[in-house]
Structures are given as C-alpha cells and as structure tokens.
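Novice: how does the following fold in three dimensions:
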Amino acid sequence: MGTITEIKKIGKGQRYYLYLDDQFFGVYEAEILARHCLKTGQSFDDEFFEELKLENGDYACFNRGLSLLEKGMKSEKMLKDYLKEKGYPRSCIEKASEKLKSYGYIDDSAFCESYISTYLTSKSKKKLKYDLLSKGIKEDIIEEKLAQLFDDEEEKENLLRHAEKYMSGREFDLKTKQKFYNHFAGKGYDYNLVLNIWEELKNGRD
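Specialist: As a prediction, the model looks like this:
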C-alpha cells in the first residue's frame, strides 16, 4: 500500500514527478495520470502502482518512438536501438515497435527503397548493402530492392563520375593509381571495375 503525497509538473511539458509516501516514485506522463484520475492523498496497493509503472513505460516508449519517426524514416532496428539508448526496458520497446508497425510508421521494405533511392548516385551497390544490413534490413529485402533500383551500368556511371572528379588535377602515375584503387575499392566498388575506369580515364587523358 502506498499513498500519493505529491504530483509535481516538470517544466512546461506533459510529464510529472510522482511521489509515494514522500519518496520519489518516477516520472509519469500526464495522459497516464489523467486516465486514472490520480490526485495527492489517494492510496492504492502495490500491485496498482506496479501496473501503473508498466503502463506509463509503454506509453512513454511509444510516444518517444513516434517522435523519432515523425522526423524521418527509420528501420525497426534503428528505432529499437534508439529506445534502448534512452533507457526503456525491452518489453516496452517490443510493444512500441509492434504498435508502430501496425500503424505503418515502421516499414523496413519502404525504408530500404527510400535509402537506396537517396544514395543511388553516391554509393556503390556493395556499400549500400553493407549500410542497410547494419541498419537491420534483411538481406532478401535488400537484394530485391537493389535489383529493382540499381543495375551494373548505373554502378559504372556512378564510379566514372566520382573518378573523374577524384582525378581532376592529379597525374596518372603508379602512386596515384594505388591511391585511386584504395579509395574506390574502400567504397565497395568491384576491383576490376575500378581498374577499368582507371584505364578509361588514363587513355582519355593521353
């Protein structure tokens, strides 16, 4: 059994400090306190306050996730990692994630397509795949979207454009060739493609 001895608003937001028997019990959302019409002086058993804590955690976690997604698309893994960093328990994160997916705020397939479209001209196919895997997108989704949006000719055109810019003002000597290869191979471009582009640019300069 515990008695609410103080409910103190935090700044100008919609959150409150809740005190039970003059002891700090946690930060609670205004919505949760309003649902139960909580006021100072009310007393409830321990089970009520434990359920209140869980309900508040689920609500706060969902809203935090929603605020993040309203700023831009995120993969499910990115959302979960963000909420975990904010200190929400795993159970709250899973519930929030499922709820946000059901509302259409999380869609890894749509995120994958958007990401590829955004970086289509600035990243290699291999780099795009690596980035998307690190963001938790399943490999079969990545392969499907890359096949739809990206082809070998586009990869070559992208590399040629970046290579022309890279070689502006540089000499086609052995040392530059090694740096050229390291630079573009490091960005995920195929070894043979990089060498072919080098030769194409070199022959065009001669």
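Novice: just the strands in the protein please.
Specialist: In the chain, the strands defined using DSSP state E lie at 2-9, 15-20, 23-29, 43-44.
Novice: do you know which of the ones you listed lies nearest residue 116?
Specialist: strand 23-29 (37.2 Å; Cβ to Cβ). Every residue, glycine included, has its C-beta placed from N, CA and C.
Novice: now the strands of the chain as TSV including mean neighbour count?
Specialist: Listed next are the strands of the chain as TSV, based on neighbours: other Cβ atoms under 10 Å:
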stretch	mean neighbour count
strand 2-9	14
strand 15-20	18
strand 23-29	15
strand 43-44	14
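Novice: same list (those) but as JSON lines, adding mean pLDDT.
Specialist: Shown next, in JSON lines, are those (pLDDT from 0 to 100):
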{"stretch": "strand 2-9", "mean pLDDT": "88"}
{"stretch": "strand 15-20", "mean pLDDT": "87"}
{"stretch": "strand 23-29", "mean pLDDT": "86"}
{"stretch": "strand 43-44", "mean pLDDT": "88"}
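Novice: identify the residue spatially nearest to the residue nearest in space to the middle of the chain, adjacent ones excluded.
Specialist: Ranked by distance to the mean C-alpha position of the chain (Cα atoms, centre = their mean), the top residue is residue 78 at 3.2 Å. Of all residues not flanking residue 78 in the chain, residue 135 sits nearest, at 5.7 Å (Cβ to Cβ, 6 or more residues apart in numbering).
Novice: wait, that neighbour sits on residue 77?
Specialist: Yes: between residue 135 and residue 77 there is a contact at 5.9 Å, judged by Cβ atoms under 8 Å.
Novice: mind splitting this protein into its structural domains?
Specialist: 2-102, 113-149, 154-205 (automatic domain parsing).
Novice: which residues touch the residue nearest to residue 78?
Specialist: Residues near residue 135 by Cβ atoms under 8 Å, 6 or more residues apart in numbering: 75, 77, 78, 111, 115.
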